[in-house]
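> predicted model and sequence below, questions to follow.
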Amino acid sequence: MFDTDKIIELCRKGDRSAQKELYERFSPKLFAVCLRYSKNRMEAEDYLHEGFMKIFAKIDQFKQQGPLEAWMRRIMVNTILEAFRKNSRMPTTDETRIPADLADEENEENDLHEHTDINEVLQLIEELPEKYRIVLNLYVLEDFSHEEIARQLGISVGTSKSNLSRARQWLKKRLGKEKKDKITQLW
Amino acid sequence: MVKISEIESLYKSHSENLEATPPAHVWEQLETSLNVAQKQKKFLLFWQIASAAVVAALVIVGGHYFMNETSTSHTLVDSTSSYSTEKDADSSLQHKSTPATELQEKSVSNESIYNENTADVMYTAMAVAGINDMETADKQNPRPVQENIPLLKHRPEQKFFATPKTEVRKLIAHSNIDTWKDRFNVNQSMPAESGNRAPLKVQVGGTLSPTYSFRHTSGPQNSVMATASNGSFDERAMMAAGGGLHVNVEMRKNWSVESGLRFARLGQDVHTPVRSERVYALNSDQASYANLSIKSLSLNNTMGEIKQHQPPTRSESDNAYFGASPGTMLVDFRTDNQQTSGQIEQMIDYIEVPVTLRYYLINRDMKLSLAAGVSTNWLIGNNAYVIENSNRQNIGETAGISSMSWSSHAGVAFSLPLYGSFSLRLEPRVNYFLSDINENYPGRFRPYSFGIFSGIQYTFGE
């Protein structure tokens, strides 16, 4: 068992056992990242494979100025976005049809229950249409700005904003509906 | 009440700690890819070294040639006459003890032998020619001799290094040897000029050809057929293109060695049935239908299994799916099946470094030669395409293709002079792989190719 610095040093030399150690340490978290952006597990496995190939190829460029995990995660996300661009899986939405009231919805209160179950939220996010889910994940989980999302996905800033708004609207609608269904069941 | 932003924070904090263990085969595939990448890195290093070596060889060969070329006018006679000048000069000088000795002493001690005493230099020349008793005559009348040897001018940059023997050579080199022979009846027992080492001939050129590529198969074919999901396929030869640069060095009479760099594309066309399935599903929630189109075809054949870049995808109407609520009741379902024919192109690209031995049956202006040799083949491309309804799509690569393979080649080359040192070369050539190209299926697939390579070459040293 090596410490992280030693692993990085050995990985730079192409040491296979160090590469395996690095993979075993970080693949569970990175696979979870891949799953969030994938349609199915097979696709996520491909992203993980490609992402780690890039990580091993670029490990020389890691300057140890920040956490290794964040650096690897960034490469993984960029790999996924690159695949989206290659396969023309860009999330698009007709901006002209964005409802006017979506703009200020971030501050809008929802009639959600105080104790919203995280599993319900995860379930619903998983069911989100892909074009909404990608933008929501990049904005919320990766802390991407709309400008960055637009640049990475090759879409306009307006499309990014509208997709995020629609994702939120979709979530609110479903979360509200889930709550009503539960109340109906109690009756 | 909860804001949506709080839901998002909850989602973020939960996701940061989320873990999912990937299946074990992901690491195995990753390890295989890392091995391939490592080999490619080594190949890149080899490529750089090989390129540097080829450039260095060209510089050395070119330098050698040009040195020969530039020194020919000075040393042609010099070298051919060296036998007589050294031997005869020595013996003659010994016979003519007084002047020759004086001359030697002068030439060593006196720096200004050229400009101060031209006649002494002439003694040396005469001594070489085996002339006796010329001392007095020449000393008395040196002027005409000096006029007959106009190149014997003052050359201060050479006088420090001048020795009697080198001066003798220079004298002879700058004189008309035939005149000397005729006039003084010199016994020219030296080897003839034609008996010397022939100037090195180097041909540098490039050739291109359309190539016919197919394979020799061996080993169990049934296993391949069994794994093919659609039962049968038809493998056919592929037409591609190849070519490269060559450097041919004529080593001895009628023999030469050739090397260079070539691009070679090999592979096959596979015609296989394509099963198209179309699924319609109607849901009650939005009164819309989902439309799935699934196409399947065999990706396994004698060359190997095609590994797709992306997992199989399906086209679907996202309105129906994404708009539908979970648990929507399926009210109608219908499936259409049809079978069409599809084509897969499996291509592997190599950079070939050949070493070829060539024997010239005819070695004149027009040349006819037989060639045979071996090559190392470095994989630079591996692609599989599906062609259907005039659409060509890159779907992946053939798994397990070795990054380096060995092949043999043989050919017959015709070379016709064009202009100056340029010539046209035409060479029908066959190429057959000696090693397995697919590590997963040893011995099952050995490609061969045929092409008529034509191009231009330039000859140095003619």
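Sure, I can see it.
> mind giving me the domain split of chain B?
Following automatic domain parsing, chain B resolves into domains at B:82-189, B:200-273+B:344-460.
> mean pLDDT lowest where, among those?
Across those, domain B:82-189 has the smallest mean pLDDT, namely a mean of 44.
> chain A: strands as residue ranges?
Using DSSP state E, the strands assigned to chain A run over residues A:109-110.
> same question, chain B
Under DSSP E, chain B gives strands at B:2-3, B:201-217, B:234-236, B:238-252, B:255-283, B:289-297, B:300-301, B:304-308, B:330-363, B:367-388, B:391-398, B:404-419, B:422-433, B:445-460.
> nearest to residue A:45, out of those?
With C-beta to C-beta as the criterion, residue A:45 lies closest to strand B:304-308 of the strands of chain B, at 12.3 Å. Using the backbone N, CA and C atoms, a C-beta is placed for each residue, glycine as well.
> tell me the angle that closest one makes with strand B:255-283.
If you take axes from the mean of the first three to the mean of the last three C-alpha atoms, to 10 degrees, strand B:304-308 sits at 60 degrees to strand B:255-283.
> ok, strand B:304-308 near chain A or not?
No - if you take C-beta under 8 Å from any C-beta of the partner chain as the test, strand B:304-308 misses chain A, and the best it gets is 9.0 Å.
> quick one: list the elements packing against that strand.
Packing partners of strand B:304-308 (3 or more C-beta pairs under 8 Å, 6 or more residues apart in numbering or on different chains; DSSP states H and E): strand B:330-363, strand B:391-398.
> tilt between the longest one and strand B:367-388?
On the basis of the same axes, to 10 degrees, strand B:330-363 is oriented at 180 degrees to strand B:367-388.
> from residue A:121, how far off is the residue nearest to residue B:381 when sequence neighbours are not counted?
Counting by C-beta to C-beta, 6 or more residues apart in numbering or on different chains, residue B:349 is the residue found nearest to residue B:381 once chain neighbours are left out, at 3.2 Å. Look at residue B:349 and residue A:121: by C-beta to C-beta, to the nearest Å, they are 49 Å apart.
> burial of the closest residue to residue B:393 other than its chain neighbours, as a residue count?
Leaving out its chain neighbours, the residue that sits closest to residue B:393 by C-beta to C-beta, 6+ apart is residue B:386, at 5.2 Å. A count of nearby residues for residue B:386, using other C-beta atoms under 10 Å in any protein chain shown, gives 21.
> now do the contacts for residue B:386.
For residue B:386, the contact set (C-beta atoms under 8 Å, 6 or more residues apart in numbering or on different chains) comprises B:297, B:342-344, B:392-393, B:395.
> now with 10 Å, please.
B:270, B:272, B:274, B:295, B:297, B:299, B:306, B:342-345, B:392-396 (C-beta atoms under 10 Å, 6 or more residues apart in numbering or on different chains).
> so which of those would you say is closest to residue A:147?
Of all the contacts of residue B:386, residue B:394 has the smallest distance to residue A:147: 32.1 Å, by C-beta to C-beta.
> so what's that closest one bridging to?
On the basis of DSSP bridges, residue B:394 takes part in beta bridges with residue B:385.
> my read is that it contacts residue B:385, right?
Yes - look at residue B:394 against residue B:385 with C-beta atoms under 10 Å: they come within range, at 5.5 Å.
> so which of those two has more stuff around it?
More crowded of residue B:394 and residue B:385, by other C-beta under 10 Å: residue B:385, with 18 against 13.
> which residues are in contact with that one?
Taking C-beta under 10 Å, 6+ apart, we find residue B:385 in contact with B:267, B:269, B:306, B:343-347, B:391-396.
> tell me which two in the residues you listed are the farthest apart.
The largest separation in the contacts of residue B:385, counting by C-beta to C-beta, is between B:267 and B:391 at 19.2 Å.
> and those two? Which one has more around it.
Between residue B:267 and residue B:391, counted using other C-beta under 10 Å, the more crowded position is residue B:267 (25 against 8).
> and that one, how far from residue B:209?
Residue B:267 is 16 Å from residue B:209, by C-beta to C-beta.
> rewinding a little: closest one to residue A:78 among the helices and strands packed on strand B:304-308?
Using C-beta to C-beta, the nearest of the helices and strands packed on strand B:304-308 to residue A:78 is strand B:391-398, at 21.9 Å.
> one step back: thought the residue nearest to residue B:381 was touching residue B:262?
No - if you go by C-beta under 10 Å, residue B:349 and residue B:262 don't touch, sitting 11.2 Å apart.
> go through stretch A:165-181 and flag the buried ones.
A:165-172, A:174-175, A:178-179 (16 or more other C-beta atoms under 10 Å in any protein chain shown).
> tabulate those (CSV), appending pLDDT.
Listed next are these as CSV, based on pLDDT from 0 to 100:
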residue, pLDDT
A:165, 91
A:166, 90
A:167, 89
A:168, 89
A:169, 88
A:170, 87
A:171, 86
A:172, 84
A:174, 82
A:175, 78
A:178, 62
A:179, 60
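> just those residues that are near chain B?
A:167-172, A:174-175 (C-beta under 10 Å from any C-beta of the partner chain).
> ok, which pair from these is furthest apart?
A:167 and A:175 (12.3 Å).
> now for those two: what residues contact both?
residue B:4.
> just give the closest residue to the residue nearest in space to the middle of chain A, not the sequence neighbours.
The centre of chain A sits closest to residue A:137, judged by C-alpha atoms, centre = their mean, with a distance of 3.9 Å. Excluding the flanking residues, the one nearest residue A:137 by C-beta to C-beta, 6+ apart is residue A:36, at 5.5 Å.
> just confirm the one you found contacts residue A:133, I think it does.
Yes - Residue A:36 is in contact with residue A:133 according to C-beta under 10 Å; the separation is 7.8 Å.
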